[in-house]
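Trainee: using only what follows, build the 3D model:
(chains A and B)
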2 protein chains.
Amino acid sequence: MNAYKQLEKRFERLSKIEEAIGVLGWDRATMMPEGGAAGRAEQIATLSVLAHEGLTDPALADLLEQAADIELSEWQQANLGEMRRDWVHANALPSDLVEATSRAVSECETVWMQARAEDDFAKLAPYLKRQIDLIREGAVAKGEALGCSAYDALLDQFDPGMSAATIDPIFEELVAFLPGFIDEVLAHQASAPAPIQPQGPFPEAAQRELSHSLMKTLGFDFNHGRLDTSAHAFCGGTTDDVRLTTNYDEQDFARSIMGTIHETGHALYSMGLPTEWRYQPVGRARGMSIHESQSLLMEMQVCRSRDFLEYAAPMMREAFAPGSDSAEWSVENIFALSTRVERSLIRIDADEVTYPAHVILRYQLERKLIGGELSVEDLPQAWNTGMKELVGITPDSDRDGCMQDVHWMSGAFGYFPTYTLGAMTAAQLYAAAREQDPTIVPGVKTGDFAPLRTWLRDNIHAKASSKSTVELVKEATGKALDVEVFKAHLRQRYLPSK
Amino acid sequence: MNAYKQLEKRFERLSKIEEAIGVLGWDRATMMPEGGAAGRAEQIATLSVLAHEGLTDPALADLLEQAADIELSEWQQANLGEMRRDWVHANALPSDLVEATSRAVSECETVWMQARAEDDFAKLAPYLKRQIDLIREGAVAKGEALGCSAYDALLDQFDPGMSAATIDPIFEELVAFLPGFIDEVLAHQASAPAPIQPQGPFPEAAQRELSHSLMKTLGFDFNHGRLDTSAHAFCGGTTDDVRLTTNYDEQDFARSIMGTIHETGHALYSMGLPTEWRYQPVGRARGMSIHESQSLLMEMQVCRSRDFLEYAAPMMREAFAPGSDSAEWSVENIFALSTRVERSLIRIDADEVTYPAHVILRYQLERKLIGGELSVEDLPQAWNTGMKELVGITPDSDRDGCMQDVHWMSGAFGYFPTYTLGAMTAAQLYAAAREQDPTIVPGVKTGDFAPLRTWLRDNIHAKASSKSTVELVKEATGKALDVEVFKAHLRQRYLPSK
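Mentor: Residues are numbered from 1 along each chain as shown, chains lettered A, B, ... in the order given. Next up is the predicted model:
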């Protein structure tokens, strides 16, 4: 067996271990009784160590080197590149740094939960600082191994190949655009009557049934997946067994329905990955910005559109107020509710227009934190100033300010930008798809998602990690990520008269 | 780290991998969509290979040898013994025999499903023969390594340390007793009016709720376990997260209720294992006959007794016919239904009295099959003759005869006797418990299982695999397994006037 084939065999085993870890994690979030937590942590840790041992086996370095001289197909070459990336991330750090970071992250997350509850940033600060120092040290080492900056090495963990050089000009354009645009949208909204909020309760069983119906409409195959309940919604599993979760608020049906649609976007990506590469690194989803583009395309681009609500608003009425002809269930009213813009403090509650402002603030701050240009002590002040500039309001507590998100507290620096890159990619993909296949929009209006799904499968899902994020977007849409497309989408939806 | 401590560390890792396999298996049976089957098989196979590699690592042989010279506590010594047993079972067979057997078993099971459906034993015979030849070869090799006969080596897989020499005299006594006793019981039953069968439907939700209530009564801790639905009921999981399953027949509430109680007996054993030995071989349940004694003690000894039905029959009435004062829900009637005896063809439908006859037939036949004294071609004839002698009826098809059970078809020879050893052990343990703690029976009558649970925990659960099956029974009851105790139980319950 040549070196490349040996690598494939090794990565296949690692991949199956990772799949098993995924099942254990899903069960923990959805099914496991509380008393099983400690034992489950041990099981997951053991499998994680086995996978890590596989990636740090000294034989891998030689195999990777030998495989470079073997003639490979395009996919095999891309696969070898992804193997190398995995290898670098697993081997770039000395094991004492990995262990120290893991411990510091774990402590920081624990202290954060308490500090946030008590709105006590001073309590958190030393733990966050220690953790960032270690993450920086690791990022510098990974940057050297990958041949990029420390921050780019962090990005690479979530969005392989992404760089600050790609992001900076895009986010700068958004910074120039957003604050003024938000003012305009709010003024426009204020000039019209407010939409009517349907009053609950909206029974959980009815929400669940509607979720199932909409998932089927979008193309989710229940022979290869499930919908369950967990505290935080997520999408996990494997290409042949995709596990979605949501949770239900009986006073607010839109949150769970739109949340489920969002996760279904992720799910369709997983379901569309090429089965013949299932166990190889090249067969994985490309990265978090493309993944988020798939969820946001379904949620923001398609399902919050007037087009889709022509199909879905009557289903909502039927689910929650059968027979009613009240105006609150009209397409126009549901559309207005689904596209309501508001300045808010909390990212996860933010709408499509203000969300990028929340993300850009975090991007600016985390780069400075990693770069050492912003000290942890100064973070709350910098956060509040940035919120005022970008979103237009100032938090009155750190709990609703710089302590709101789990990402930094759990060591995830370099993750935030993928949300907004995903939103922009979604806009650009959907614009291209509609242009390339004129049957897509009529399909969306009537609940026939086959044309859209086919386009996404051909242009994104089936390509898995055989191309870079930037190449995928270019091949599918004919150009690199273009802020103008995203701006045009926002203008057309939120300021239709202009 | 000395050799023993190194072994502990290795077995701890293996144990966590086995736990993970358990979660994957539970999910497959209860949650997994059908389309995930192939991928799940790969995940489980990969973890199984990892566990097997751990047990066949050449370093283990040396460590086991070195550890023999180290001073160890009693539990550590027992642990080392169990490690050695695991090692022998994993290393006794050449890998080509393991592979050939695995393939033959898999083929046999597949052909069996079709052959049974078509009632075509001739179709099955060559596959079963090939499989038995390979199992025999493996059993001979394991017997040499363990220093016992081939059949005892098979027993050892399910009931460590058990032997035909222990079983033979016990089963011979039962053979002398059962056929005549069955005649007497049937005559006795026929002399009284038949019990009234409550008529369904018994809604699934009500059955589930009653199951949950009864599980709590017995002492099942839902912070450390769940009850779900699967095609075949089972109990799995870990000491801190026990997963029970059942399934519901809306025409027959007793099947699911008694089934759930049975599995709860298994569950309480798992929950009572010593946590400090959780990840070591000595911390495991002793074997299948002790495990079955725990489920049958709860189901047959306790919950089908008049004592317990004083407490439970009113709960059943409340669940399925609230407010009714019909005689069908009386303690006497439910007791009569719960202890009805019938000659039947199918083992899994058999009652407490005829069940051992079904088991002994299988024991006699499988010993001859493994010993080469009975050819596969002659199996149907031998089965039918044995059924007539032991149970008193003759199957009119092989489907309801020698092809009914999955055990042999999946390579499990040496398993059947544990059912009846378990039933007898259950009778002996419950008799001893009642004698040693006079508060047990009053507790059972009022739904207070704490005294019984404490006795079982102290005498069985907490001892895990630190003693042999035979020693456990002796220590708990003061004597070896005694057919007279089982016979006395049957006489007292089924022929009370005698």
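Trainee: isn't A:Cys402 up against A:Leu379?
Mentor: Yes: in this structure, A:Cys402 is within contact of A:Leu379 by CB atoms under 8 Å, at 5.2 Å. (Glycine included, C-beta is placed from N, CA and C.)
Trainee: need the overlap of contacts for those two.
Mentor: A:121, A:365 (CB atoms under 8 Å, 6 or more residues apart in numbering or on different chains).
Trainee: need the three-state assignment for the residue nearest the centre of chain A.
Mentor: In chain A, the residue lying closest to the centroid (CA atoms, centre = their mean) is A:Glu292, at 4.1 Å. The three-state assignment at A:Glu292 reads helix, by DSSP: H, G, I helix; E, B strand; the rest coil.
Trainee: which one is it nearest to, not counting chain neighbours?
Mentor: Nearest in space to A:Glu292, with sequence neighbours left out and distances taken as CB to CB, 6 or more residues apart in numbering or on different chains, is A:Gly422 at 2.6 Å.
Trainee: is that neighbour located within a strand, as I assumed?
Mentor: No: under three-state DSSP, A:Gly422 falls outside any strand and is assigned helix.
Trainee: quick one: pLDDT of it?
Mentor: You'll see A:Gly422 listed with a pLDDT of 98.
Trainee: isn't it right up against A:Gly287?
Mentor: No: using CB under 8 Å, A:Gly422 is not in contact with A:Gly287, being 9.7 Å away.
Trainee: residues contacting A:Val175?
Mentor: A:Val175 neighbours (CB under 8 Å, 6+ apart): A:360, A:390.
Trainee: ok, now how distant is it from chain B?
Mentor: Distance, A:Val175 to chain B, by CB to the nearest CB, to the nearest Å: 44 Å.
Trainee: phi, psi of that residue?
Mentor: Main-chain torsions, A:Val175, degrees, to the nearest 10: phi -60, psi -40.
Trainee: where does pLDDT dip in chain A?
Mentor: For chain A, the stretches flagged by pLDDT under 70 are A:498.
Trainee: change it to 80
Mentor: Counting by pLDDT under 80, chain A shows low-confidence ranges at A:497-498.
Trainee: get me the contact residues on chain A for chain B.
Mentor: A:13, A:16-17, A:19-20, A:23-24, A:27, A:31-36, A:38-40, A:42-43, A:46-47, A:50, A:221-226, A:237-241, A:278 (CB under 8 Å from any CB of the partner chain).
Trainee: how about a cut-off of 7 Å?
Mentor: A:13, A:16-17, A:19-20, A:23-24, A:27, A:31-36, A:38-39, A:42-43, A:46-47, A:50, A:222-226, A:238, A:240-241 (CB under 7 Å from any CB of the partner chain).
Trainee: that older thread, from A:Phe158, how far out is the residue nearest to A:Glu292?
Mentor: From A:Gly422 across to A:Phe158, the span is 11 Å (CB to CB, to the nearest Å).
Trainee: out of the two, which sits in the more crowded spot?
Mentor: A count of neighbours by other CB atoms under 10 Å in any protein chain shown puts A:Gly422 above the other of A:Gly422 and A:Phe158, at 25 against 19.
Trainee: the more buried one and A:Met298 touch, don't they?
Mentor: No: using CB atoms under 7 Å, A:Gly422 makes no contact with A:Met298, being 11.6 Å away.
Trainee: would you map the helices across the stretch 51-200 of chain A?
Mentor: Along the stretch 51-200 of chain A, the stretches classed as helices by DSSP state H, counting those that start in this stretch are A:59-67, A:74-91, A:95-117, A:121-146, A:150-158, A:164-190.
Trainee: buried residues, the third one. List them.
Mentor: Within helix A:95-117, the residues that qualify as buried by neighbour count (16 or more other CB atoms under 10 Å in any protein chain shown) are A:98, A:100-101, A:104-105, A:108-109, A:111-112, A:115-116.
Trainee: let me have those in CSV, extended by distance to A:Glu484.
Mentor: Compiled in CSV, the buried residues of helix A:95-117 are given as follows (distance: CB to CB, whole Å):
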residue, distance to A:Glu484
A:Val98, 43
A:Ala100, 45
A:Thr101, 40
A:Ala104, 42
A:Val105, 39
A:Cys108, 40
A:Glu109, 39
A:Val111, 44
A:Trp112, 39
A:Ala115, 42
A:Arg116, 38
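Trainee: thank you kindly, that will do.
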